[in-house]
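Asks: This is the structure alone, sequence omitted:
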Ligand SMILES: [Zn+2]
């Protein structure tokens, strides 16, 4: 009853806060209110409220720290509305039996290309059942059931996070043909991909030969959903308007979708802050993230590449994405440190010292000592500032995406959109740091050259994931688009994304 009485208050008061799905992170009553609000926004009523559904997930892959137990999260779908699968109104998990190849464009025995799309009509493992209370937190790690539920829960969690920034449910780009996203695993496939109606992941082989399921890898799943989010929010370019920078932008967006989602776990923010004392500059400047297995996206984002590094051309869109990802990381760090100053956790002079350290590395130990002391004095303020930076970055990205056209997209277009988004959301509070960082990366000053050589085996660009069923009618005889896709497939394996690539 308290929830219902507080509803009108909380709707306005909390509708705008950084809500999180990690139950350890916020007071439970507040958390439930937020879930209630989300459910009602989706057309439910007060009477429908029975809480979200609990799952256990690994915010970091279990193989990076085998001793770390999974964490309990609650996704926004009420337990009473979850079905075996797991499945809800937006997505469902299926474990196909005997599925020989991934979705997308494949070839028939005569070598002719054909589309392979959900639904899966072959045999499948039995759906994963909820526990008697409607939750899925009873499943044991190490079982296929846990794996399937993990894939579902992470995808749904990342959706919950980003639907708050979007302010509306994600509209699937394949909504004309499928109501739900199909989640599936293909264990012998060493990739992950999202496409028209599907998100599927395989496994990677460890050096000792063991297969590690990507269904347990938060970063990979969140990254793939990030691509799906961009298809919905920015759209697919016309075939003759596909720019290299569009694909680099896609990778950056997918990485940031994953990174911001991961920063909703207190274990992830806690590890980041306790390892750095909030001094993210040093990590960037010294590139020490490579020693730090916290989050793949953070490691990729922390780099010093500029557009002139790609002026002659590029081979892989993951590499090409790094100047833009790095610019965004630096902007994020600046916003975070600005928030630290605003809440009184660090002195303005420390932020100035951080700026000076970029050119004078000998100042780094003194700066680190000041950060260590400040973090020790008030760790809560650092958590608050990190969440503020996370949420402002999420809001800015969403606002910027809405301003973009996918056709012939350049990093400069995205930088302009971010500056406009900042003007609209904050009145230009981050304009200086954006201009400085985009300029330092030479975004808007130097354009990427042409693609050099065929796509690598981990390339996303020109992948079957951007194909849509309307193309199927043109499959034989092949349309220009089809021939183009086929040529790309012949030149290199498409649709791949591997951890660390
Ligand atoms: Zn990707």
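Replies: Looks like it arrived, so ask away. Keep in mind the model is a prediction, meaning the values are calculated, not measured.
Asks: Remind me what the helix or strand containing residue 152 packs against, helices and strands.
Replies: Here residue 152, judged by DSSP states H and E, is contained in helix 144-166. Counting contacts by 3 or more C-beta pairs under 8 Å, 6 or more residues apart in numbering; DSSP states H and E, helix 144-166 is packed against helix 28-41, strand 53-57, strand 71-75, strand 91-94, strand 181-185, helix 218-233, helix 244-262, helix 379-402. (C-beta placed from N, C-alpha, C; glycine too.)
Asks: between the longest one and helix 218-233, how many degrees?
Replies: The one in question is helix 379-402. Interaxial angle of helix 379-402 relative to helix 218-233 (axes from the mean of the first three to the mean of the last three C-alpha atoms, to 10 degrees): 40 degrees.
Asks: Got phi/psi on the residue sitting furthest away from the middle of the chain?
Replies: Distance to the chain centre peaks in the chain at residue 110, reaching 38.3 Å (criterion: C-alpha atoms, centre = their mean). Per-residue torsions, residue 110: phi -90, psi 10 (degrees, to the nearest 10).
Asks: Tally up the residues packed near residue 88, please.
Replies: Counted with other C-beta atoms under 10 Å, residues neighbouring residue 88 total 18.
Asks: In contact with the residue nearest to it when sequence neighbours are not counted: list those residues for me.
Replies: Spatial nearest neighbour of residue 88, chain neighbours left out: residue 77 (4.3 Å); criterion: C-beta to C-beta, 6 or more residues apart in numbering. For residue 77, the contact set (C-beta atoms under 8 Å, 6 or more residues apart in numbering) comprises 52-53, 88-90, 156.
Asks: domains of the chain?
Replies: The chain resolves into domains spanning 79-238+462-491, 259-440 when parsed by automatic domain parsing.
Asks: Now do the helices in the stretch 201-350 of the chain.
Replies: 218-233, 244-262, 266-276, 280-286, 296-301, 317-320, 322-342, 348-357 (DSSP state H, counting those that start in this stretch).
Asks: Take those and lay them out in JSON lines including mean neighbour count.
Replies: JSON lines is the format used below for the helices of the stretch 201-350 of the chain (neighbours: other C-beta atoms under 10 Å):
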{"stretch": "helix 218-233", "mean neighbour count": "24"}
{"stretch": "helix 244-262", "mean neighbour count": "26"}
{"stretch": "helix 266-276", "mean neighbour count": "18"}
{"stretch": "helix 280-286", "mean neighbour count": "20"}
{"stretch": "helix 296-301", "mean neighbour count": "24"}
{"stretch": "helix 317-320", "mean neighbour count": "24"}
{"stretch": "helix 322-342", "mean neighbour count": "23"}
{"stretch": "helix 348-357", "mean neighbour count": "16"}
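Asks: As a markdown table, those helices with mean pLDDT would be great.
Replies: A markdown table is the format used below for these (pLDDT from 0 to 100):
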| stretch | mean pLDDT |
| --- | --- |
| helix 218-233 | 92 |
| helix 244-262 | 89 |
| helix 266-276 | 86 |
| helix 280-286 | 56 |
| helix 296-301 | 54 |
| helix 317-320 | 82 |
| helix 322-342 | 91 |
| helix 348-357 | 80 |
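Asks: Distance to residue 407 added to those, as TSV?
Replies: Shown next, in TSV, are the helices of the stretch 201-350 of the chain (distance: least, C-beta to C-beta, whole Å):
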stretch	distance to residue 407
helix 218-233	14
helix 244-262	8
helix 266-276	36
helix 280-286	33
helix 296-301	26
helix 317-320	17
helix 322-342	18
helix 348-357	38
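Asks: Out of those, flag the one nearest residue 445.
Replies: helix 322-342 (11.0 Å; C-beta to C-beta).
Asks: can you give me the angle the closest one makes with helix 244-262?
Replies: If you take the same axes, to 10 degrees, helix 322-342 sits at 40 degrees to helix 244-262.
Asks: what about helix 322-342, distance to the chain center?
Replies: Distance of helix 322-342 from the chain centroid (C-alpha atoms, centre = their mean, to the nearest Å) equals 17 Å.
Asks: could you say what helices and strands that helix packs with?
Replies: helix 244-262, helix 280-286, helix 296-301, helix 348-357, helix 379-402, helix 411-426, helix 431-440.
Asks: Buried ones in the fifth one, by neighbour count?
Replies: Neighbour-count burial for helix 379-402, with 16 or more other C-beta atoms under 10 Å as criterion, is recorded at 379, 381-401.
Asks: cool, and stretch 408-425?
Replies: Those would be 409-419, 421-422, 425, for stretch 408-425 by 16+ other C-beta under 10 Å.
Asks: And for stretch 197-214?
Replies: For stretch 197-214, by 16+ other C-beta under 10 Å, it's 197-204, 213-214.
Asks: same check, this time on stretch 308-316
Replies: Under the neighbour-count criterion of 16+ other C-beta under 10 Å, stretch 308-316 has 309-310, 314, 316 buried.
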